[in-house]
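1. Sequence plus predicted model, see below.
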Amino acid sequence: MGVDSLVIIPTYNEKENIKELIKEVLHQGDEFEILIVDDNSPDKTGNIVLEISKKDQRVHLIERRDKLGLGTAYIEGFKYALENDYEFIYEMDADFSHDPSVLPVFRKYLKEEGFDMAIGSRYKDGVNVVNWPMSRLILSYCANFFAKTITGAPISDLTSGFKGFRRKVLESLNFDIIKADGYGFQIEVHFYSYRKNFRIKEVPIIFIDRRSGHSKMSKKIVWEAFWIVWGLGFRRLFRVS
């Protein structure tokens, strides 16, 4: 089976997780390769990935000059995937909150069942989140309900950062109008994909809080997502593309 899949993983200070994560992702099948987009991590995550990439041609690295944000990291990864002719492109976090064993499930829905996007959903079948404080769980659940209501996109987990695409979805997106860096980025991608009538499958997952390291969540990310949702609601109301 030939390589057709690229897993994009943005990193910032993930040296405690990255070796094991790369190992686990590659273990999912020979069809998977990895692209790490590192934002000049002070803990030298990029150096660790560079050494791995010298020994394994399935591991690729983009090193950026500064902490430029999640959204732009994914967009750089998407452009790399399109330029290098991958058919299936995935995104996931570097902290093991996303289970690598779900990647082949995404690929099956995309390759064999004709879906254009497969989203790992924490809220499709109830609430499947482990080890989060109640305050963060309530914030996330309410944020998704709010985003779903305002944007009209019938997706239970609009802020999910664990998903797979067919390349035609990414080819259709105008990256210039996607501005958010945190959870707002995920909402934008889902909204525009839904508006283009792509077939979307929500795959129930169990989300487990990071094994080690520190969360990148901040008040700035929360407020950014809040205003992004209202902007998307405006586009929906006035049928702006």
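-> Perfect, thanks for sending it. Given the structure is predicted, the values throughout are model-derived calculations rather than measurements. Numbers count the residues shown, from 1 in each chain.

2. which stretches of the protein form helices?
-> If DSSP state H is used as the criterion, the helices of the chain fall at 18-26, 45-55, 70-83, 103-111, 134-151, 167-172, 183-195, 219-237.

3. Quick one: closest of these to Ser97.
-> With C-beta to C-beta as the criterion, Ser97 lies closest to helix 18-26 of the helices of the chain, at 10.7 Å. In this view, the C-beta of every residue, glycine as well, is placed from N, C-alpha and C.

4. Need the contact partners of the closest one.
-> Residues lying outside helix 18-26 but in contact with it, judged by C-beta atoms under 8 Å, 6 or more residues apart in numbering, are 7, 9, 11, 14, 32, 34, 36, 45, 48-49, 52, 56, 58-59, 92, 94, 96, 100-101, 103.

5. try stretch 94-105
-> Under the criterion C-beta under 8 Å, 6+ apart, residues 5, 7, 9-11, 14, 17-18, 20-21, 24-25, 27-29, 32, 36, 90, 92, 118, 120, 161-162, 164, 203, 205-213 lie in contact with stretch 94-105.

6. One more: stretch 59-72?
-> Stretch 59-72 has contacts (C-beta under 8 Å, 6+ apart) with 10, 12, 22, 26, 33-40, 46, 49-50, 52-53, 73, 76-77, 80, 161, 178-182, 184-185, 216.

7. Ala118 against Val203, yeah?
-> Yes - taking C-beta atoms under 8 Å as the contact criterion, Ala118 and Val203 are neighbours in contact, 5.5 Å apart.

8. higher neighbour count, the two?
-> Ala118 (27 against 20; other C-beta atoms under 10 Å).

9. give me every residue that touches that one.
-> Per C-beta under 8 Å, 6+ apart, neighbours of Ala118: Val105, Phe106, Tyr109, Leu110, Lys163, Gly164, Ile200, Lys201, Val203.

10. The first one: how many residues sit nearby?
-> The number of residues packed around Val105, counting by other C-beta under 10 Å, is 17.

11. now it: how far from Asp93?
-> 17 Å (C-beta to C-beta, to the nearest Å).

12. The last one now?
-> When distances are taken as C-beta to C-beta, Val203 and Asp93 turn out to be 16 Å apart.

13. low-scoring pLDDT stretches of this structure, where are they?
-> For the chain, the stretches with pLDDT under 70 are 1, 210-218, 241.

14. could you redo the last one with a cut-off of 90?
-> In the predicted model, the chain carries pLDDT under 90 at residues 1-2, 125-128, 131-132, 136, 179-183, 208-226, 234-241.

15. list residues touching both of Ala118 and Val203?
-> In contact with both Ala118 and Val203: Val105, Phe106, Tyr109, using C-beta under 8 Å, 6+ apart.

16. will you turn the residues you listed into JSON lines that also has distance to Lys124?
-> Putting the shared contacts of Ala118 and Val203 into JSON lines (distance: C-beta to C-beta, whole Å) gives the following:
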{"residue": "Val105", "distance to Lys124": "13"}
{"residue": "Phe106", "distance to Lys124": "14"}
{"residue": "Tyr109", "distance to Lys124": "13"}
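
17. Tell me who's in contact with Ile177.
-> Contacts for Ile177 were tallied using C-beta under 8 Å, 6+ apart; they are Tyr192.

18. Tell me how far it lies from Val240.
-> 10 Å.

19. rewinding a little: can you say which of the contacts of stretch 94-105 are buried?
-> By the neighbour-count criterion of 16 or more other C-beta atoms under 10 Å, these include these buried positions: 5, 7, 9-11, 14, 17-18, 21, 25, 28, 32, 36, 90, 92, 118, 120, 161-162, 164, 203, 205, 207-208, 210, 213.

20. I appreciate the help and will end here.
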